[in-house]
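Colleague: next come a sequence and a model predicted from it.
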Amino acid sequence: MIFPEYCVTMARYNAWQNKQLRAAFDTLSEVELRKERKAFFGSIFSTANHLLWGDMIWMSRFDGGPRPEAGISDSVDLTPTPAVWAGDRYRMDARILRWAEGLNAVDLKGDLRWYSGALGCDLVKSIDLCIMHFFNHQTHHRGQIHAMLTAAGATAPVTDLFIMPEDGPWL
C-alpha cells in the first residue's frame, strides 16, 4: 500500500509541521498554552503532549527503541513544560526522520504485533496500515492544535503538504 518514499515525505512533513508548532507556541504564554479549550485533550499543550506520546509509542513498535513509561491516560502530562516538550519533540522528529530514511520496501510488508493498552488486548495489523495510521494520527491532532492556536489569536502553521520546502530544513 505504501512505499519508503511516502514514509520519508511524511516524516519530513511531520518535522516541518512541528517546527512551526514550536515557533507558534513561543508566541503564547504558558497560561494560554494550558488553557482549557474544550478540545478532546483539553488544551493546546495537553494535545501536543498526547501527540508526542503517540509518536513515541508507535516508534517503539516500529524501531524497537524506547517507549514512554506512561500510558495513554497520562499522555497529556508527558512533559512538564513547553520548553521540555520542544526539546523532546525535536528529538522525536529526528528519530522519525532517521527511521523513515532507513526503510526499504521489504520493511513495509508483513504484520505488526503489539499489546494495546488503550484496548486492553493483543493486536495484529499490517505494518503499512499501522504506518499510515501513525502519520494520520499526527495530522489529526495537529489539526486540533491548529484550530486552538487560531482561536487563541496565534498565527497557526501553514499545513498544505504541497507548500512544504523540498530541500528542508524540516527540523
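Modeller: Structure's in. What do you need?
Colleague: which one in the protein is furthest away from the centre?
Modeller: Ranked by distance from the centre of the chain (Cα atoms, centre = their mean), the top residue is V106, with 24.1 Å.
Colleague: which SS class is that residue?
Modeller: What DSSP: H, G, I helix; E, B strand; the rest coil gives for V106 is helix.
Colleague: and for L123?
Modeller: strand.
Colleague: got the contact list for the closest residue to V8 other than its chain neighbours?
Modeller: In space, V8 comes closest to A100 once its chain neighbours are excluded; the distance is 4.7 Å by Cβ to Cβ, 6 or more residues apart in numbering. C-beta coordinates here come from the backbone N, C-alpha and C atoms, glycine included. Counting by Cβ atoms under 8 Å, 6 or more residues apart in numbering, A100 touches 4, 7-8, 10-11.
Colleague: with A86 instead?
Modeller: 22, 25.
Colleague: give the buried residues for the helix or strand where it lies.
Modeller: If you go by DSSP states H and E, A86 is part of helix 82-101. Residues 82, 85-86, 88-89, 92-93, 95-97, 99-100 are the ones in helix 82-101 that count as buried (16 or more other Cβ atoms under 10 Å).
Colleague: now the longest helix anywhere in the chain: how far from the chain's centre is it?
Modeller: The longest helix of the chain (DSSP state H) is helix 127-151. Distance of helix 127-151 from the chain centroid (Cα atoms, centre = their mean, to the nearest Å) equals 7 Å.
Colleague: tell me the angle of it relative to strand 121-126?
Modeller: 100 degrees (axes from the mean of the first three to the mean of the last three Cα atoms, to 10 degrees).
Colleague: and helix 127-151, what's buried?
Modeller: Neighbour counts over helix 127-151 (16+ other Cβ under 10 Å) mark 127-128, 130-132, 134-135, 138, 141-142, 144-146, 148-149 as buried.
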